[in-house]
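>>> Need the 3D shape of this:
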Amino acid sequence: STQPTGYVSDNADCDDADPGINPGATEICEDGIDQDCSGADLPCPWSPGLPDTGQTTSYTDTFGEDADYTINPPAYTKLDAAGNALSDAASSWTMVRDDVTGLIWEVKTDDDGIHDKDNTYTWQDGQDVFIAQLNSDNFGGHADWRMPTVKELSTLVNAEVFLPAIHTAYFPHAESTSFTNYWSSTTSAKAVERAWGVHFNDGNVGVDGDKFSSFHVRAVRGEQISSNLVDNGDGTVTDTQTGLMWQQAEAGEMTWEEALAYCEALVLAGHEDWRLPNRNELQSIVDHEEFDPAIDTVFFPGATWTGYWTSTTVARIPDNAWFVPLYEGGVGNARGKLGSENVRAVRGGQ
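Here you go, the predicted model:
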């Protein structure tokens with residue numbers, strides 16, 4: 001007998017009019033189409049990114065400064081003591097998730113407890129006393145808290161503001177004195193008795209005092225931010241962790257605005273969308289296990305120990321821009337924009 005018009009042997013096919021949509025089709029993530037008839041579009045796998053600096057103010061008419069680009073705008077979620085997500089309107093929260101990096105951060109309090117904003121530690125006690133206590137207490141339901149690396153800690157800097165230079169809507173009780181240092185777990189390669197820290201008065205990253213000095217500690221948990229460099233063989237280097245592509249050769253020294261214009265005009269390896277990196281991007285390729293220069297010279301053989309411009313203006317001193325001196329790899333603010341520093345262009349990002 002003949003089957004009636006419209007008969008199909010598999011009624012699971014959700015779109016008879018489109019042969020590309022059927023139960024055996026390959027699903028394309030987040031394209032708004034349910035190719036495999038599962039009942040929903042497939043979400044794309046999440047991968048961590050490198051946050052933008054938060055700077056939105058423009059300081060020059062020359063295109064290419066930090067505020068001209070939006071790659072991964074800072075985004076945070078408040079969490080309760082069990083790690084449950086809260087609304088931005090929540091008046092009380094225990095932790096914060098960085099939605100760009102995936103890292104979970106401790107929130108400071110003002111209650112004289114273990115999370116109190118005034119607590120300070122030597123570098124070793126920060127780990128052996130403070131972090132150890134959080135893990136013993138199973139803080140937030142987890143026992144894998146640690147002291148952040150200097151690169152991780154620096155991503156919390158909000159370059160739009162100062163005193164304090166952090167997103168206070170998510171990180172309250174942040175100290176705003178002229179000298180407020182938070183320890184990182186990263187030891188100085190040049191002087192192992194010292195460790196890197198971040199000043200949240202304005203965002204300076206440096207090695208101040210030895211490990212017996214007393215500074216603040218903010219705990220973190222999650223997969224460490226890292227880099228994975230690949231030489232593309234065409235004058236560029238790609239970091240597969242951040243998705244950033246770097247100019248391999250040195251561009252030479254120039255003023256800040258000259259650096260902005262140079263990167264915008266650069267044509268390299270068939271790409272025309274180069275830019276001057278922001279402070280987070282440039283710090284991402286620093287190798288803190290090396291110094292003089294603090295960068296992997298296998299991939300950047302011409303790198304020097306001197307300073308390199310970032311596109312980020314120092315909010316506290318608008319005539320200055322943040323720069324990364326590669327002798328040790330900090331992030332400094334003492335460079336007037338009319339001075340000359342080295343330049344390395346970047347493009348892309350995820």
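
>>> Quick one, grab the pLDDT at the closest residue to Glu264 other than its chain neighbours.
Of all residues not flanking Glu264 in the chain, Gly64 sits nearest, at 4.6 Å (CB to CB, 6 or more residues apart in numbering). (C-beta placed from N, C-alpha, C; glycine too.) Gly64 is assigned a predicted lDDT (pLDDT) of 98.

>>> Start and end of stretch 255-271, how far apart?
For stretch 255-271, the first-to-last residue distance is 24 Å (CA to CA, to the nearest Å).

>>> And that stretch, what's buried?
Applying a neighbour-count criterion of 16 or more other CB atoms under 10 Å, one finds 255-264, 266, 268 buried in stretch 255-271.

>>> same thing with stretch 53-68?
The neighbour-count criterion (16+ other CB under 10 Å) identifies 53-55, 59-60, 64-68 as the buried residues of stretch 53-68.

>>> ok, back up a step: as JSON lines, the buried residues of stretch 255-271 with secondary structure and distance to Trp196 would be great.
Below are the buried residues of stretch 255-271 laid out as JSON lines (DSSP: H, G, I helix; E, B strand; the rest coil; distance: CB to CB, whole Å):
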{"residue": "Thr255", "secondary structure": "coil", "distance to Trp196": "28"}
{"residue": "Trp256", "secondary structure": "helix", "distance to Trp196": "25"}
{"residue": "Glu257", "secondary structure": "helix", "distance to Trp196": "30"}
{"residue": "Glu258", "secondary structure": "helix", "distance to Trp196": "30"}
{"residue": "Ala259", "secondary structure": "helix", "distance to Trp196": "25"}
{"residue": "Leu260", "secondary structure": "helix", "distance to Trp196": "28"}
{"residue": "Ala261", "secondary structure": "helix", "distance to Trp196": "32"}
{"residue": "Tyr262", "secondary structure": "helix", "distance to Trp196": "30"}
{"residue": "Cys263", "secondary structure": "helix", "distance to Trp196": "27"}
{"residue": "Glu264", "secondary structure": "helix", "distance to Trp196": "32"}
{"residue": "Leu266", "secondary structure": "coil", "distance to Trp196": "31"}
{"residue": "Leu268", "secondary structure": "strand", "distance to Trp196": "32"}
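
>>> for this structure, which spans come out with low pLDDT?
Applying pLDDT under 70 to the predicted model, the residue ranges of the chain that meet it are 1-13, 30, 43-46, 175-179.

>>> how does it divide into domains?
According to the TED database, the chain is divided into the following domains: 1-45, 76-221, 228-348.

>>> just to revisit the earlier point, who are the neighbours in contact with the residue nearest to Glu264?
If a contact means CB atoms under 8 Å, 6 or more residues apart in numbering, then Gly64 has 260-261, 263-264, 275-276, 311 as its contacts.

>>> you'd agree Trp123 is up against Ala195?
Yes. Applying CB atoms under 8 Å as the test, Trp123 and Ala195 come out as touching, 5.0 Å apart.

>>> shared neighbours, the two?
Common contact partners of Trp123 and Ala195 (CB under 8 Å, 6+ apart): 183, 211.

>>> What segments of the protein are helices?
Using DSSP state H, the helices of the chain run over 123-125, 132-136, 150-154, 256-265, 279-283.

>>> can you redo these as a markdown table with distance to Ser38?
Conversion of the helices of the chain to a markdown table gives the following (distance: least, CB to CB, whole Å):
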| stretch | distance to Ser38 |
| --- | --- |
| helix 123-125 | 51 |
| helix 132-136 | 40 |
| helix 150-154 | 37 |
| helix 256-265 | 44 |
| helix 279-283 | 38 |
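
>>> Can you say which of these is nearest to Thr297?
Each of those was scored for nearness to Thr297 using CB to CB, and the closest is helix 279-283 (16.3 Å).

>>> And that closest one, what does it pack against?
Contact here means 3 or more CB pairs under 8 Å, 6 or more residues apart in numbering; DSSP states H and E; on that basis helix 279-283 packs against helix 150-154, strand 307-313, strand 321-325.

>>> Mind putting the ones you listed into a markdown table with distance to Val100 and mean neighbour count?
Written out in a markdown table, the entries for these read as follows (distance: least, CB to CB, whole Å; neighbours: other CB atoms under 10 Å):
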| stretch | distance to Val100 | mean neighbour count |
| --- | --- | --- |
| helix 150-154 | 12 | 25 |
| strand 307-313 | 17 | 27 |
| strand 321-325 | 19 | 26 |
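
>>> Thanks again, I'm all set now.
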